[in-house]
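Trainee: Give me a 3D structure for the following:
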Amino acid sequence: MQTIKKILISQPRPSSEKSPYFALEKRYGVQFDFKQLIQVVGLSAREFRLQHINLLNYTAFMFTSRTGIDHFFRLCEELRVTVPEETHYFCSSELIGNYLQKYIQYRKRRVFCGIGNKFDEVVPIAERQQEKCLLVCSDVHNDDIVNLFAASGVAIDTCIMYRTCPVKIPSKELRQYNMAVLFTPTGVNALKHNCSDYCAAGRVVACFGSATAAAIREVGWTPAIVAPTKETPSITAAIEKYLMQRLKEEEQAQAKKTANVRTKDKKK
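Mentor: As a prediction, the model looks like this:
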């Protein structure tokens with residue numbers, strides 16, 4: 001059993017020094033390194049054309065991330081497509097909707113936002129206006145949103161404008177970490193791609209989300225930590241619980257070892 005000293009967090013470094021990660025570093029003497037295991041790469045205009053999609057055939061575009069918005073307008077520029085002023089935009093949250101101001105003149109009659117990263121509230125709007133929608137997404141996505149709109153009779157297609165790819169990190173570098181904390185199935189696949197034997201020699205993986213946990217099991221590993229739970233609603237709370245348990249086990253093992261040495265000395 002390895003002592004947990006170096007932990008890989010597969011997310012960008014927190015901007016605030018008040019992050020719980022830094023408190024755990026001081027409390028347990030561990031080191032967190034923040035490295036993204038995946039990168040987003042936009043499709044080229046040539047790759048996009050292979051999907052045989054005419055953007056001007058749609059009356060509304062749908063976004064679930066700011067990344068999707070960036071690549072949509074990038075491709076529009078590369079393809080020399082001018083989006084009509086009357087086009088509508090459906091976004092999964094107000095935060096994403098507000099980001100559209102970077103590219104268009106924001107008007108509430110053009111931009112409709114869901115609540116809690118869900119489109120349920122805007123489905124009736126799309127149905128009433130008889131929209132023909134195009135969902136902008138990555139190569140890794142599910143069909144829940146498409147099914148939601150299609151169930152109400154809204155015409156909707158999907159369009160891949162960017163893809164997620166593993167960041168190349170040497171396996172030797174990854175093996176230096178006693179724990180890797182993963183947040184997405186694509187992150188799991190990236191770690192497996194770069195270091196197929198990561199979970200050997202006592203190294204462990206932790207994860208946030210049931211889909212990520214399932215992906216870990218699919219590649220043949222067993223997650224040591226799965227969050228959120230009622231007891232540990234955040235990944236930092238789950239890591240702390242695990243570190244406390246490991247510290248307790250190490251102290252017990254050391255106490256047992258010391259007791260055995262003393263017993264041997266007495267026998268001598």
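
Trainee: from here on, contacts and neighbour counts on C-alpha atoms
Mentor: Fine.

Trainee: how about A206, secondary structure?
Mentor: At A206 the chain is in strand, as set by DSSP: H, G, I helix; E, B strand; the rest coil.

Trainee: again but with Q39, I slipped
Mentor: strand.

Trainee: Run through the bridge partners of it.
Mentor: Judged by DSSP bridges, the bridge partners of Q39 are C165.

Trainee: That one: neighbour count?
Mentor: Neighbour count of Q39, defined by other Cα atoms under 10 Å: 15.

Trainee: Just to check, it is in contact with T164?
Mentor: Yes. The pair Q39 / T164 is scored as a contact, 5.6 Å apart, by Cα atoms under 8 Å.

Trainee: the strands in the stretch 101-250 of the chain, which residues?
Mentor: 111-113, 132-138, 155-166, 179-182, 204-208, 225-227 (DSSP state E, counting those that start in this stretch).

Trainee: for G42, what are its contacts?
Mentor: Neighbouring residues of G42 by Cα atoms under 8 Å, 6 or more residues apart in numbering: H71, M161, Y162, R163.

Trainee: For A213, see how far away it is.
Mentor: From G42 over to A213 the distance is 27 Å, taken as Cα to Cα, to the nearest Å.

Trainee: Once you drop chain neighbours, what's closest to R13?
Mentor: Computed as Cα to Cα, 6 or more residues apart in numbering, the closest residue to R13 that is not its neighbour in sequence is F34, at 5.2 Å.

Trainee: For that neighbour, give me its contacts.
Mentor: Counting by Cα under 8 Å, 6+ apart, F34 touches L8, I9, S10, Q11, P12, R13.

Trainee: Can you verify my assumption that the third one contacts V181?
Mentor: Yes. A contact is recorded between S10 and V181 when judged using Cα under 8 Å, the distance being 6.1 Å.

Trainee: neighbour-wise, which of these two wins?
Mentor: V181 (24 against 21).

Trainee: List the buried residues in stretch 26-36.
Mentor: Residues of stretch 26-36 classed as buried by neighbour count (16 or more other Cα atoms under 10 Å): V30, Q31, F32, D33, Q36.

Trainee: What mean pLDDT does it get?
Mentor: When pLDDT is averaged over stretch 26-36, the result is 96.

Trainee: Around V83, count how many other residues there are.
Mentor: Residues lying near V83 (other Cα under 10 Å) number 16.

Trainee: no wait, L79
Mentor: Neighbours of L79 (other Cα under 10 Å): 15.

Trainee: And for it, nearest residue in space, chain neighbours not counted?
Mentor: Per Cα to Cα, 6+ apart, closest to L79 is A45, 6.4 Å.

Trainee: re the thing from before, of the strands of the stretch 101-250 of the chain, which is nearest K172?
Mentor: Closest approach to K172 among those is made by strand 179-182 (13.9 Å; Cα to Cα).

Trainee: Who are the packing partners of the closest one?
Mentor: Where contact means 3 or more Cα pairs under 8 Å, 6 or more residues apart in numbering; DSSP states H and E, strand 179-182 is packed against strand 6-9, strand 204-208.

Trainee: The same query, at a cut-off of 10 Å, please.
Mentor: Contacts defined by 3 or more Cα pairs under 10 Å, 6 or more residues apart in numbering; DSSP states H and E place strand 179-182 against strand 6-9, strand 31-34, helix 185-194, strand 204-208, helix 210-218, strand 225-227, helix 235-267.
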